[in-house]
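# Got a sequence here, can you model it:
(3 chains)
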Amino acid sequence: MPSQNYYDVTDWNQGNPYEDIGEVINSIIADIKSRQTDTNVNQGGKPGAVIYIPPGDYPLLTQVVIDISYLKIMGSGHGFTSSSIRFNTPESEWVNWHEVWPGGSRILVELPAGVGTKESDGAAFYVARSGDPRISSVEFADFCIDGLHFVDDGSGNDDPENTYLNGKTGIYIASAQDSFRISGMGLVYLEHGVTVYNADALAIHNNFIAECGNCIELRGSGQASKVTDNLIGAGYRGYSIYAQNFGGLLITANNIFPRGKSSIHFSGVVRSSVSSNRFHSFYPGMLVFEGSCSENLVSANHFFREREPWGPMQPYNNGLDDLYGLLFISGDHNSIIANHISETIDTQYITPPGAKPVIIRVVSGQGNYISDNHVVATTEASQVQDATGSCFSTQVSSLLATQGLQALDVTTVQIEKESIQNTILDSGSDAQVVVDKAVNAFRSTPVPGLPV
Amino acid sequence: MPSQNYYDVTDWNQGNPYEDIGEVINSIIADIKSRQTDTNVNQGGKPGAVIYIPPGDYPLLTQVVIDISYLKIMGSGHGFTSSSIRFNTPESEWVNWHEVWPGGSRILVELPAGVGTKESDGAAFYVARSGDPRISSVEFADFCIDGLHFVDDGSGNDDPENTYLNGKTGIYIASAQDSFRISGMGLVYLEHGVTVYNADALAIHNNFIAECGNCIELRGSGQASKVTDNLIGAGYRGYSIYAQNFGGLLITANNIFPRGKSSIHFSGVVRSSVSSNRFHSFYPGMLVFEGSCSENLVSANHFFREREPWGPMQPYNNGLDDLYGLLFISGDHNSIIANHISETIDTQYITPPGAKPVIIRVVSGQGNYISDNHVVATTEASQVQDATGSCFSTQVSSLLATQGLQALDVTTVQIEKESIQNTILDSGSDAQVVVDKAVNAFRSTPVPGLPV
Amino acid sequence: MPSQNYYDVTDWNQGNPYEDIGEVINSIIADIKSRQTDTNVNQGGKPGAVIYIPPGDYPLLTQVVIDISYLKIMGSGHGFTSSSIRFNTPESEWVNWHEVWPGGSRILVELPAGVGTKESDGAAFYVARSGDPRISSVEFADFCIDGLHFVDDGSGNDDPENTYLNGKTGIYIASAQDSFRISGMGLVYLEHGVTVYNADALAIHNNFIAECGNCIELRGSGQASKVTDNLIGAGYRGYSIYAQNFGGLLITANNIFPRGKSSIHFSGVVRSSVSSNRFHSFYPGMLVFEGSCSENLVSANHFFREREPWGPMQPYNNGLDDLYGLLFISGDHNSIIANHISETIDTQYITPPGAKPVIIRVVSGQGNYISDNHVVATTEASQVQDATGSCFSTQVSSLLATQGLQALDVTTVQIEKESIQNTILDSGSDAQVVVDKAVNAFRSTPVPGLPV
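Next up, the predicted model:
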């Protein structure tokens, strides 16, 4: 008598997963709830279940609603492929392609959502529960959620598929929760990848979340969570990782690639850590601490900003100019220590024209500690030419172009007058740091050839 | 003819997993051993097996004894929920709860263990083998081990469920072993979560180990292992991570929350690394290097200590006062570089009364290197009020409270006279560092507004 | 009607996995291709599949050829055991061993490959596809690939099993690819563990890759990938991690143990990050940046080099002397920040005799930034005696030997005259750093007892 708590969506007695997997999963959840009713039998009684999604294409027309703890939904393949490259290749060429769409254990989100719809209505997986205790230990693992298409934003953009808007969300967790896990997933072409309100001890680990409007949004408030070891890259409109009113968030070991309006965007986040990540961006404002973000650590990260090398995306950016700060800091007592920051851009692309780009900019607050950061600023070696369908080689040659670069004059650290009592050590020469030494502490990085 | 090496505990011909899963698993292990007897057939012959535990509640009355290599025991759900919050909520309210107990693929440890019993007797999973070679590649993945209850410690504590004592251990590995993996597990309400003697190339990865007396204990000696990407938090009596006589241990990417007598406790550990973690504690002694710990690196970590905000746990602490050191270092040639350390506590709660808290304290040894650490010390913004059942919101509001803090006078680094030849750079001002400059090197952090 | 996209190699209708698993898997792939032909049905049509390998011994006589996206091959056990210890134990003792060979879901690579064969011919798994799009999201998870034996290299070495040569590769990815994952694997006794050409968004995570000639080789070019949280250790001839013409590689949270000709070897790698790893080596050249490696970050790592303590391997080394540099840097604008570096070696073993070992050596390029590194150099406490079969205890006692060490005179940083405009801060005293101050910037680490 094998366990009743293991379900396979392709082997269930209600609905058809190849027509609407949402109906199937909701029916399974209803079955679990009807069988697991006692909360105290044998000191348990509600162990939850696992729902398995084998590799396959599964349209989702009905939102999955999860209100039970200990439910694991898992597949056998994150199934990512670049939809952005496909949609920026003439459709006439697709006929020659080996395959056209993402794969693996793949949910095709076909909800009747759209721009302007209530956000949670467009969520493939919606988690919410009131009452006590908080819903716990729901797990999403190793499957693909594909938003399929972006839509016209009314702006007259040539291609709706480049808007990063469609009102769809992969996983939307609306109520306070504990010890959730999201791992091994592939999320693509969703306006919002993962949105979580009021997280506690959340783990978002080893996912592939790319070509989404926003990738990870931690909203409301939260504590003691980790976003680790993911490959992430949002569209030009949205956040790769956003967190709000969070304490004790650990963001480490992620490789966060373009585009992303920002790679990391904190609002009111405190006592959190951004360490040992690799960040790559095409715009200023890679890391933004807005509102009042305090006592956070940014250490041992690699930041690289260059100009967008790929033709189809060159019309877009996040609207920020080069005086905004590649790292923008508002708040108290943050630590920016031991990071490498590279920026390479031709002077003709700097905005406003003639400006001296700012790398680390502290706009308010006090007591921030900025030490031992190495800033490398150069002009581009050459203009990388775009070739349709060669996004990979275009990007790689851009990324690898370090030969024959010329030094670019930048402000490595700028402390606005609204911010005081900061300490800036070994993060730029006298000529590179803008700081009022009467109200801040400053030690310049020694300059080669000059006396220390 | 599907493989004979895949077992499902709910589909086995001996014992009943809903009565005693220990008997079932031991019977499966006996079956594996009876079938796999040749050590050299086809250059193999003993591949081991996988034992699958579907989601469900499985009492364990018989200890599982593992003495074969290549055994993987796996479930489909770590199943954590907070037992501490439950037991500190009046039982009369449980009737309204959605669920009361942990879940997932859940082992209920009902061994007749108790305080004072031989420790290994209380282990749900006991691994031991003598002879050659060392037992290899046993794996535990994605299930829950629940110790159910703590017990009276005879101290007259009001609530036995808050003692963190019950004589139970989740996984106890008694003999030298190689290349084990523990990943995806949920361990709760055990006096000892994972205890491993003489580990080599052990990986403890992406687990949820909380509300245990101790979480991870690496004893005897060991080398070349990693404890990475876990969510961990021990009780006030025990260690979140303990290691003894270890070389080459890597502890990174963990989010270690309260309480824990200490977050990291090393005894005789050398050439190991603690980097890119986030630590949160309610007591001094967050990181302790005792005995002689040498040539270790502590870098890019975020440390935060505050006072216990949650009423039910405020009676407890680890007994250390604020002069002990938030980081306590005994040993030679350790490196403490590029960490952020926050402490916030009201002066009325400092012990001994009127003391100036010590953040990094070196008590013996020589040649330690303490550089580029940013210490932020403040008094509490306000007293967070406890409300029963609102542990999450209490803790979050405590954690987020950074507005209106007042600076607290602390000793950022104190080098005791027993320790010499240390180097302290940029880790505090002249007024904040206690060091004999005749026998140590010291460069103060520049103070804002004063000449460098 | 369970999914047709889930295959079990022990339950397939063609071939016999206990005779040749390669034939079975290729037959399954052919079946997938024959069933999944439409690239656009329901916006999908080619989801791929999962092939499950239960624990067992599976000889592979036919190379597996993968040319479809979204294929996941997974087992239930990485199955590593030390073949090196076994082969350096007299075969007469094996009869008393519990088990002799690796296990888990184990592929025995019995391809007719050998030294001198075309490298890809010796690959157990060979991935290649031309045309568009790049092959995507193939995944390898949780099984073992065992190369079984090394072979005579014609050099007159006593033991062919110690050559680290056999012409075999575990996974060989020949063509540009996107979003592949290799996780949870165990690779042993292969001349090449994983070889990947032109990787994009590759994740190599939580594997055990040891006792291979080379472990991970990223060749051609590549971008935006991560090698994280692995246990790795190559033989004395090869690389633990090698990367070529890569941009945006993140190497973090790995524990890389001996031997390895080098632990990290970059050739033409730029804008990449090596952070929060632990490295242990027996030779100089632990980290090598050759060609022109630029704008990379090396931060928060622990490096330890000692002399080979284990008798059977003491005859071998990588041929580099102690003047080569423990870290060898060729390139521009790299950052080496906040690392701990330990070296312990008896003066009699230093080569050339009487030399002063060099720790960080910059041989060319400009603008490198070397700051806040703590170098600990000592002579060995005592000669660790080798005992056959006690590799573990020998290595542990060697690793733990930190008592009574004597300081060893080393050059902590050496900037060759071919390299200029570098900045060296707090990484050695005046006496320890060799640098032309006329063309570089230098600030010495303060020396205990001397004025700052």
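
# Work out for me the element the closest residue to A:S272 other than its chain neighbours sits within.
Spatial nearest neighbour of A:S272, excluding adjacent residues (CB to CB, 6 or more residues apart in numbering or on different chains): A:L249 at 4.0 Å. Quick note: C-beta positions are derived from backbone N, CA and C, even for glycine. Here A:L249, judged by DSSP states H and E, is contained in strand A:246-252.

# For that strand, which helices and strands make contact with it?
The helices and strands touching strand A:246-252, judged by 3 or more CB pairs under 8 Å, 6 or more residues apart in numbering or on different chains; DSSP states H and E, are strand A:214-228, strand A:273-275, strand B:278-281, helix B:391-400.

# I'd like the mean pLDDT over that strand, please.
Strand A:246-252 shows a mean pLDDT of 98.

# The helix or strand following it close to chain B?
Counting by DSSP H and E, the next helix or strand C-terminal to strand A:246-252 is strand A:255-256. No. Figure legend: strand A:255-256 not in contact with chain B (CB under 8 Å from any CB of the partner chain); closest approach 13.7 Å.

# hmm, strand A:255-256 touching chain C?
Yes. With CB under 8 Å from any CB as the measure, strand A:255-256 is seen reaching chain C through A:N255.

# partners of that strand, with directions?
strand A:231-234 (parallel), strand A:278-281 (parallel) (DSSP bridges).

# The next helix-or-strand element following it and chain C, any residue contact?
Going down the chain from strand A:255-256, the next helix or strand is strand A:262-267, by DSSP H and E. No. Applying CB under 8 Å from any CB, one finds strand A:262-267 separated from chain C by no less than 12.5 Å.

# mind showing which ranges of the stretch 51-200 of chain A have poor pLDDT?
Within the stretch 51-200 of chain A, the ranges that satisfy pLDDT under 70 run A:113-116.

# mind listing the helices in it by residue range?
A:83-87 (DSSP state H, counting those that start in this stretch).

# With adjacent residues omitted, what lies nearest to A:Y349?
A:R307 is the one closest to A:Y349 (CB to CB, 6+ apart), at 5.3 Å.

# contacting residues for A:N214?
Contacts of A:N214 were listed using CB atoms under 8 Å, 6 or more residues apart in numbering or on different chains, and they are A:E191, A:H192, A:G193, A:T195, A:A234, A:G235, A:R237, A:G238, A:Y239, A:S240, A:Y242.

# Recalculate using a threshold of 10 Å.
A:N214 sits next to A:164, A:169, A:190-195, A:234-235, A:237-242, A:260-261, A:265 when contact means CB atoms under 10 Å, 6 or more residues apart in numbering or on different chains.

# Check A:F303 too.
A:256, A:263, A:277-281, A:286-287, A:326-327, A:339-343, A:359-360, A:373, A:375, C:271, C:273, C:297.

# need the residues of the stretch 351-452 of chain A near chain C, please.
A:371-378, A:389, A:391-393, A:395-403, A:405, A:407, A:425-426, A:429, A:443, A:445-452 (CB under 10 Å from any CB of the partner chain).

# in the sheet, who's paired with the residue nearest to A:S272?
Under the criterion used (DSSP bridges), A:L249 bridges to A:S225.

# what number of residues lie near it?
27 (other CB atoms under 10 Å in any protein chain shown).

# Any residue of stretch A:105-120 touching chain B?
No. Applying CB under 10 Å from any CB, one finds stretch A:105-120 out of contact with chain B, separated by at least 14.7 Å.

# Which positions in the stretch 101-250 of chain A make contact with chain C?
Counting by CB under 10 Å from any CB, the residues of the stretch 101-250 of chain A near chain C are A:101-106, A:108, A:110, A:142, A:144, A:146, A:148-149, A:184, A:186, A:188, A:205-208, A:210, A:228-231, A:233.

# hmm, try it at 7 Å
A:W101, A:G103, A:G104, A:R106, A:L108, A:L148, A:N206, A:F208, A:D229, A:L231 (CB under 7 Å from any CB of the partner chain).

# Tabulate those residues (TSV), appending neighbour count.
Shown next, in TSV, are these (neighbours: other CB atoms under 10 Å in any protein chain shown):
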residue	neighbour count
A:W101	28
A:G103	32
A:G104	35
A:R106	31
A:L108	21
A:L148	19
A:N206	28
A:F208	25
A:D229	29
A:L231	26
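
# all strands for the stretch 301-450 of chain A, in order.
Applying DSSP state E, counting those that start in this stretch to the stretch 301-450 of chain A gives strands spanning A:302-306, A:327-330, A:335-337, A:340-344, A:358-366, A:369-371, A:374-378, A:411-415, A:419-420, A:423-425, A:433-434, A:441-443.

# and the angle from the fifth one to strand A:340-344?
Following axes from the mean of the first three to the mean of the last three CA atoms, to 10 degrees, one obtains 130 degrees for the angle between strand A:358-366 and strand A:340-344.

# Flag every buried residue along strand A:358-366.
A:V358, A:I359, A:I360, A:R361, A:V362, A:V363, A:S364, A:G365, A:Q366 (16 or more other CB atoms under 10 Å in any protein chain shown).

# Farthest-apart pair in these, please.
A:I359 and A:Q366 (20.3 Å; CB to CB).

# returning to that earlier point: what lies in contact with the strand holding A:L249?
A:218, A:221-228, A:241, A:243, A:264, A:269-277, B:253, B:255, B:257, B:276, B:278, B:280, B:396, B:399-400 (CB atoms under 7 Å, 6 or more residues apart in numbering or on different chains).

# Up against chain B, what does the stretch 251-400 of chain A have?
So the stretch 251-400 of chain A meets chain B at A:252-253, A:270-271, A:273, A:275-276, A:292, A:294-295, A:297, A:299-300, A:332-333, A:335, A:337-338, A:367, A:369, A:371-372 (CB under 7 Å from any CB).

# Burial check on the residue nearest to A:Y349, number of neighbours?
Counted with other CB under 10 Å, A:R307 comes out at 19.

# any idea which helix is longest in chain A?
Criterion DSSP state H: the longest helix present in chain A is helix A:17-35.

# other SSEs contacting that helix?
strand A:49-53, strand A:56-60, strand A:64-66 (3 or more CB pairs under 7 Å, 6 or more residues apart in numbering or on different chains; DSSP states H and E).

# Of all those strands, which one is nearest C:D11?
It is, among the helices and strands packed on helix A:17-35 and with distance given as CB to CB, strand A:49-53, at 16.9 Å.

# strands paired with the closest one, and their directions?
strand A:6-8 (parallel), strand A:71-75 (parallel).

# can you redo those as TSV with mean neighbour count?
Output for those, formatted as TSV (neighbours: other CB under 10 Å):
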stretch	mean neighbour count
strand A:6-8	19
strand A:71-75	26
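
# for those strands, which one sits closest to B:A174?
For the strands paired with strand A:49-53, the distance to B:A174 is smallest for strand A:71-75, at 31.4 Å, taking CB to CB.

# could you check the angle strand A:56-60 makes with that closest one?
130 degrees.
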